[in-house]
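[1] Using only what follows, build the 3D model:
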Amino acid sequence: LAVDDYGPDAAVRRAGSLRVELRQPLLRGRGSAVQLDDVFAARAGRQTARRSFEARRPALVLAVVQAHQELARLQAQLAYDEQAVQRYARLRRLTQAREQQGRASRVDSLRVEFQYGQAESALTATRERLDAQRGDLCELLGRPPDAPLAVEPGPPLRLDDAPAAAAVALALSNRLDYAEALQAVGEARRGIRVARQRVLPTVDLVARYGRNGTGDSIGDALDLPDETWSVGLAGDSDLHRRAERSALQRELIGAAAAEEDLLTLENRIRREVQQAVQAYARAAQQTELDARNLELARDRARLARRLFELGRGDNFTATDAEAELLRAQSRQLENESDITVAAFQLKQATGTLVESPDELKPRPPVPAVMGQVGP
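    Numbers count the residues shown, from 1 in each chain. Below you'll find the predicted structure:
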């Protein structure tokens, strides 16, 4: 709407006009994919940012679990090391008494003395590692590094047996990195559709409607008694669209790369999940074997120590049994920690360690990923 004033000397002092124009693209720029390109890109960027945030949560949970399990293992190892020092101290005193009685050699005394020193050294090293691990866990929990902290060891985490194929399917339904790769392919294909639209020539259907009025006063000019209307086509003369064609080729190359990355990621997810399933199964089996071996080592050490105290066994057998018991205890603690960590790693590999919003999870992938983005 406009009102023009031509001055007091003009034949007609004022002129008013109203113009309305409607423009509908017929070729280039037609459709919501082109008109809302920035909106769709912003939505995809928002999803990417949310997934990036969500992806940090399982990594933090796994780090806390690993630190917790290591601290629990070191606490139990400290108790085992203290008990080992006490047992070696008794063996040392008994061996020294036997040496004075002529029933043990100097070599026997030196052997148990050496192993006693090793046990004390191991105890000191375990205390130092325990203090360092406690500080690491405090840092992960956001507490001061010198805060008093002790963990309660729980039973090893056990998962239901599931075939690797089911675990892979679960991962492809929950992994956020796979969802991001699918989104990248979708965005690349949308970019191709937009680029193809922009290569087309500009042909717009244009409809115009207008009303006009003149008079000496503004009221007469705004009366707008005359009307005009027109319908036509509008376009431009740039038919080659060299810049747009180059952009289309870039989009095609980018889409092919995105699809290749998607297939590579899918294969990597399958491999990671299969390895995690095998690692968990191996840890579960090894835990059962180590529990049995620990009982055997305890029985052997108890018997060897008793025979040595009764004078019916030698020093070498007793000290060797003690050393084997300490190794069996350490292996049992390590494997109990490993099975829990392996269970959490399997849940992380399948994307189920931390529940994520459904809108961030993978949507059903488009069929026939490769070979769909020809020029």
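
[2] other SSEs contacting the longest helix anywhere in the chain?
    The helix of greatest length in the chain, counted in residues with DSSP state H as the criterion, is given as helix 242-309. Packing partners of helix 242-309 (3 or more C-beta pairs under 8 Å, 6 or more residues apart in numbering; DSSP states H and E): helix 37-100, helix 164-174, helix 176-199, helix 315-349. (Each C-beta comes from the backbone N, C-alpha and C, glycine too.)

[3] can you put the ones you listed in a markdown table and add mean pLDDT?
    Compiled in a markdown table, the helices and strands packed on helix 242-309 are given as follows (pLDDT from 0 to 100):
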| stretch | mean pLDDT |
| --- | --- |
| helix 37-100 | 89 |
| helix 164-174 | 89 |
| helix 176-199 | 89 |
| helix 315-349 | 88 |
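
[4] and those helices as JSON lines, adding distance to residue 264?
    Compiled in JSON lines, those are given as follows (distance: least, C-beta to C-beta, whole Å):
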{"stretch": "helix 37-100", "distance to residue 264": "18"}
{"stretch": "helix 164-174", "distance to residue 264": "14"}
{"stretch": "helix 176-199", "distance to residue 264": "9"}
{"stretch": "helix 315-349", "distance to residue 264": "17"}
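
[5] These: which one's closest to residue 285?
    Shortest distance between residue 285 and the helices and strands packed on helix 242-309, using C-beta to C-beta, is found for helix 315-349: 9.5 Å.

[6] buried residues in the closest one?
    Buried positions in helix 315-349, judged by neighbour count with 16 or more other C-beta atoms under 10 Å: 315, 317-326, 328-349.

[7] tell me the angle of that helix relative to helix 164-174?
    If you take axes from the mean of the first three to the mean of the last three C-alpha atoms, to 10 degrees, helix 315-349 sits at 50 degrees to helix 164-174.

[8] Nearest residue to the middle of this structure?
    Centroid-nearest residue in the chain, with C-alpha atoms, centre = their mean: residue 55, separated by 4.0 Å.

[9] so who does the closest residue to that residue other than its chain neighbours touch?
    Computed as C-beta to C-beta, 6 or more residues apart in numbering, the closest residue to residue 55 that is not its neighbour in sequence is residue 176, at 5.4 Å. When contacts are counted by C-beta atoms under 8 Å, 6 or more residues apart in numbering, residue 176 touches 51, 54, 55, 351, 356, 360, 361.

[10] swap in residue 363?
    Residues 179, 182 are the ones in contact with residue 363 under the rule C-beta under 8 Å, 6+ apart.

[11] Are we agreed that it is in a strand?
    No: counting by DSSP: H, G, I helix; E, B strand; the rest coil, residue 363 falls outside a strand, being coil.

[12] Could you measure from it over to residue 79?
    Using C-beta to C-beta, to the nearest Å, one gets 51 Å for the distance from residue 363 to residue 79.
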